[in-house]
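J.: please find the sequence and the predicted model below.
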Amino acid sequence: MEGRREEENEELERPCEGVSLLDEPCDLAATIHCEMCGRWFCAGHAEDEVWHPCMLETGEEGGEA
């Protein structure tokens with residue numbers, strides 16, 4: 001039973017998998033799962049094309065300011 005509790009805790013405390021252009025990880029809890037890439041993101045980075053490349057429109061390149 002202890003292994004199951006650990007799995008449940010990992011799901012509840014899943015970290016955001018977004019990474020900035022400077023390779024800085026986000027340490028917020030992930031709440032949004034992307035069906036395209038399979039990664040988990042916090043609400044702030046899920047729709048941010050810098051942290052989540054799936055948000056780029058086809059033909060666009062990331063990192064432009």
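T.: Received the coordinates, thanks.

J.: what residue ranges in the protein score low on pLDDT?
T.: Counting by pLDDT under 70, the chain shows low-confidence ranges at 1-12, 57-65.

J.: try 80 this time
T.: 1-12, 56-65 (pLDDT under 80).

J.: quick one: the strands in it, in order.
T.: With DSSP state E as the criterion, the chain has strands at 32-33, 40-41.

J.: dump these to CSV, plus mean neighbour count and distance to Cys16.
T.: In short, each C-beta sits where N, CA and C put it, glycine included. Converted to CSV, those look like this (neighbours: other CB atoms under 10 Å; distance: least, CB to CB, whole Å):
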stretch, mean neighbour count, distance to Cys16
strand 32-33, 14, 9
strand 40-41, 22, 5
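
J.: closest one to Trp51 among those?
T.: strand 40-41 (7.2 Å; CB to CB).

J.: re earlier: mind putting the strands of the chain into a markdown table with distance to Gly18?
T.: As requested, the strands of the chain are arranged in a markdown table below (distance: least, CB to CB, whole Å):
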| stretch | distance to Gly18 |
| --- | --- |
| strand 32-33 | 10 |
| strand 40-41 | 5 |
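
J.: those strands: which one's closest to Glu17?
T.: strand 40-41 (5.3 Å).

J.: strand partners (parallel or antiparallel) of the closest one?
T.: As defined by DSSP bridges, the strand partners of strand 40-41 come to strand 32-33 (antiparallel).

J.: circling back to that earlier point, the strands of the chain: which one's closest to Pro53?
T.: Smallest distance to Pro53 across these (CB to CB): 11.2 Å, for strand 40-41.

J.: related to what we said a few turns ago, out of the strands of the chain, flag the one nearest Asp23.
T.: Across the strands of the chain, Asp23 has its closest neighbour in strand 40-41 (16.3 Å, CB to CB).
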